[in-house]
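A.B. asks: Have a look at this fold, sequence not included:
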């Protein structure tokens, strides 16, 4: 007799053999093989789902579209009947984002139950007598007209209460597994998976997989918020860039040619937009068709020379500086004295400055090329320094006056000096004197006077004086360090009559 050939129990042919013809010793092996195959299939399915989730996380452009697939993925990796994704915004409001149910299950009932649970938790949280997020020692009045009226127990957290209400609303026949969605240590949502089997128990592996999906969701939320913040920053940067360009165009593009004077100036802001202001205004600028900065001829007309500083920095100070410039230029047309101009400017700007809780210091002066007289008035600004060529001494140019915007009816004092050939005058803002070095020491007016006096004795030109004084301050605060305040400097030098 010929021998009967029996397939190997782990070969493909063995699967085609009728179990009645297979020896009983091979049946446990076949069952084990089928179990291993099913496990392998489940692992492969989970691996594919998590890989797809990772790809979606790397490539999504819309957070809501990404969140739509989260309940589906969570339900599949946990082999659950359904899944629910809730989001908690920074203000503590809970929203039902997305819900998924396996085929044959009614999602509408799930949605209604979860919405009722959220409404119950949110209504109890918003009680006026309760301090958030402290749930202790704050009784919640029972709601007898609702099915969900289980009170929050002392020491119970918001999410614990939420879990309790969701589980209660879904019914006793539903097994619920919830896991937090943590963004920077703050719970920003909950991910639930549910099974309609009273005796079902979640395995540690399923819990870890659901937590993994929740962690991926947290990464997506954090990335989206970071993207939103970056876009806001980009918009703000662009707005600041535009504001900086506008302010730059409002300041004199270059110093004018004034009969009998040589002028230099510079303004360096601590940020893109600053609150320092300086200007040169022709007495007849309203009748000129061209910008004075482009004039090639030097005419013997009076000029207004002004410097100011808005209390504060950044965009608010820049806006007030722009407003000050426009109002002052309009006031100059009236040809009043410096003190009268500051009085009118103060009255016009008082209401706006009072509402903004900001003030302006301003030194306004007028130079007459025919007489070399500098008339001025001061609204609590740093007094300019006048170096007299004959005496080699420095004198402050000051006059009594209050800040612009401090009092509606402030009075200002007129003053004037006779300038002589070789004299130099510097107008400056407090960014110079308030500059601080690494030891916390301020530059102070004494150092500025010393540096200015040194530059004058070296017979430096106005632009050289400007560069020298800025270099002195920079050396004082340290190389590579930036000053915390705007710095503006205007230098005048009286030329000889010949």
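C.D. replies: Now that the structure is in, tell me what you want to look at. Please read all numbers here as calculations on a predicted model, not as lab measurements.

A.B. asks: On the C-terminal side of the longest helix belonging to the chain, identify the next helix or strand.
C.D. replies: Longest helix of the chain, by residue count under DSSP state H: helix 204-250. Following helix 204-250 in sequence order, the next helix or strand is strand 261-268 (DSSP states H and E).

A.B. asks: how far out from the middle of the chain is that following strand?
C.D. replies: 34 Å (C-alpha atoms, centre = their mean, to the nearest Å).

A.B. asks: relative to helix 204-250, how tilted is it?
C.D. replies: 170 degrees (axes from the mean of the first three to the mean of the last three C-alpha atoms, to 10 degrees).

A.B. asks: thinking again about what came up before, helices and strands around the longest helix of the chain, which ones?
C.D. replies: For helix 204-250, the packing partners by 3 or more C-beta pairs under 8 Å, 6 or more residues apart in numbering; DSSP states H and E come out as helix 27-59, helix 63-77, strand 175-183, strand 186-195, helix 314-332. Heads up, the C-betas are built off the backbone N, CA and C, glycines and all.

A.B. asks: Report the next helix or strand after the last one in sequence order.
C.D. replies: In this case it means helix 314-332. helix 338-356.

A.B. asks: how much space between the spatially closest residue to residue 354 that is not a sequence neighbour and residue 380?
C.D. replies: Distances taken as C-beta to C-beta, 6 or more residues apart in numbering place residue 405 nearest to residue 354, at 6.4 Å, with adjacent residues excluded. Residue 405 sits 11 Å away from residue 380, going by C-beta to C-beta, to the nearest Å.

A.B. asks: Looking at those two, which one has more neighbours?
C.D. replies: residue 405 (26 against 20; other C-beta atoms under 10 Å).

A.B. asks: who are the neighbours in contact with the more buried one?
C.D. replies: Going by C-beta atoms under 8 Å, 6 or more residues apart in numbering, residue 405 touches 346, 349-350, 352-354, 358-360.

A.B. asks: My guess is residue 170 contacts residue 195. True?
C.D. replies: No - taking C-beta atoms under 8 Å as the definition, residue 170 is not a contact partner of residue 195, at 10.5 Å.

A.B. asks: neighbours of residue 481, just the number please.
C.D. replies: Considering only other C-beta under 10 Å, residue 481 is surrounded by 13 other residues.

A.B. asks: State the phi and psi torsions of it.
C.D. replies: phi -90, psi 150 (degrees, to the nearest 10).

A.B. asks: Now it. Nearest residue, chain neighbours left out?
C.D. replies: In space, and not counting its chain neighbours, residue 481 is closest to residue 438: 7.3 Å by C-beta to C-beta, 6+ apart.

A.B. asks: Quick check, that neighbour in contact with residue 478.
C.D. replies: Yes - the criterion here is C-beta under 8 Å, and residue 438 meets it with residue 478 at 5.6 Å.

A.B. asks: what bits of this structure have low per-residue confidence?
C.D. replies: 1-47, 103-106, 124-157, 272-273, 285-299, 497-498 (pLDDT under 70).

A.B. asks: Now do the same for residue 199: helix, strand or coil?
C.D. replies: Per DSSP: H, G, I helix; E, B strand; the rest coil, the local secondary structure of residue 199 is coil.
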